[in-house]
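Asks: Predicted coordinates and the sequence they were generated for:
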Amino acid sequence: MNKIKLVKGDITELAVDAIVNAANAHLQMGGGVAGAILRKGGQSIQDECDKIGFTAVGQTAITGGGNLKAKYVIHAVGPRMGEGDEDNKLFNATLNSLKIAQKQGLNSIAFPAISTGIFGYPLDKCAKIMIKTAKEFLAKNSIPKEVIFCLYDDTAYRLFKLAVREANVK
């Protein structure tokens, strides 16, 4: 049985098959979640990103996890608020992360709240879209078995918990 789980904490500390990086299109790991992943995971992750070079908004790329507990990092490029069609782009970034995890045969994946930092996407809308996307994907697919949303602070955790309730996730 697949499940959705919420965790409050540091995504770089999770021992899962893959963590998702809230990436920019050029896969440059500077601040926010990406910066934390780079600091803990090491330069090899950025080196792999540099070889990939570019990933369009809503799309994903995968690299090794370097020194992280996670085996892989899935780099999901979320939308910047104001660029247009943000909801659909966030849906695609979430869905494509799940698809790449499935293609790689990964049983567990952990997401941050994509695009809610410097990209300015509203946290409540992010929670609703990401939870709904994961629920619908898991209803039709057996892998990944576990989808974790790792939220860094109380506000994000509370909004994701509300979205889980509203989506009637068991």
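Replies: That came through, no problem.
Asks: quick one, strands of this protein?
Replies: With DSSP state E, the ranges of strands along the chain come out as 3-8, 18-23, 60-64, 72-77, 108-111, 146-151.
Asks: What is the third one packed up against?
Replies: Meaning strand 60-64. Strand 60-64 sits against helix 43-52, strand 72-77, helix 86-103, with contacts defined as 3 or more CB pairs under 8 Å, 6 or more residues apart in numbering; DSSP states H and E. Where C-beta positions appear, they are placed from N, C-alpha and C, glycine not excepted.
Asks: These into a markdown table, with extra columns for mean neighbour count?
Replies: Listed next are these as a markdown table, based on neighbours: other CB atoms under 10 Å:
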| stretch | mean neighbour count |
| --- | --- |
| helix 43-52 | 16 |
| strand 72-77 | 26 |
| helix 86-103 | 20 |
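Asks: Out of these, which gets nearest to Ala23?
Replies: Closest to Ala23 of the helices and strands packed on strand 60-64 is strand 72-77 (CB to CB; 3.9 Å).
Asks: Against which helices or strands is that closest one packed?
Replies: Using 3+ CB pairs under 8 Å, 6+ apart: strand 72-77 touches strand 18-23, helix 43-52, strand 60-64, helix 86-103.
Asks: would you list the ones you listed in CSV and tack on distance to Pro122 and mean pLDDT?
Replies: Below are the helices and strands packed on strand 72-77 laid out as CSV (distance: least, CB to CB, whole Å; pLDDT from 0 to 100):
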stretch, distance to Pro122, mean pLDDT
strand 18-23, 15, 97
helix 43-52, 27, 97
strand 60-64, 22, 98
helix 86-103, 9, 98
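Asks: closest to Phe111 out of the ones you listed?
Replies: Of all the helices and strands packed on strand 72-77, strand 18-23 comes closest under CB to CB, at 4.6 Å.
Asks: ok, that closest one: who's next to it in the sheet?
Replies: Sheet pairing for strand 18-23, assigned by DSSP bridges, gives strand 72-77 (parallel), strand 108-111 (parallel).
Asks: mind saving the C-alpha coords of the last one as CSV?
Replies: What follows is the C-alpha trace of strand 108-111 in CSV, where atoms were taken according to Å, rounded to 0.1, in the frame of the first residue of the first chain:
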residue,chain,number,x,y,z
SER,A,108,10.7,6.3,-1.3
ILE,A,109,10.8,9.9,-2.3
ALA,A,110,10.8,13.1,-0.2
PHE,A,111,9.6,16.5,-1.5
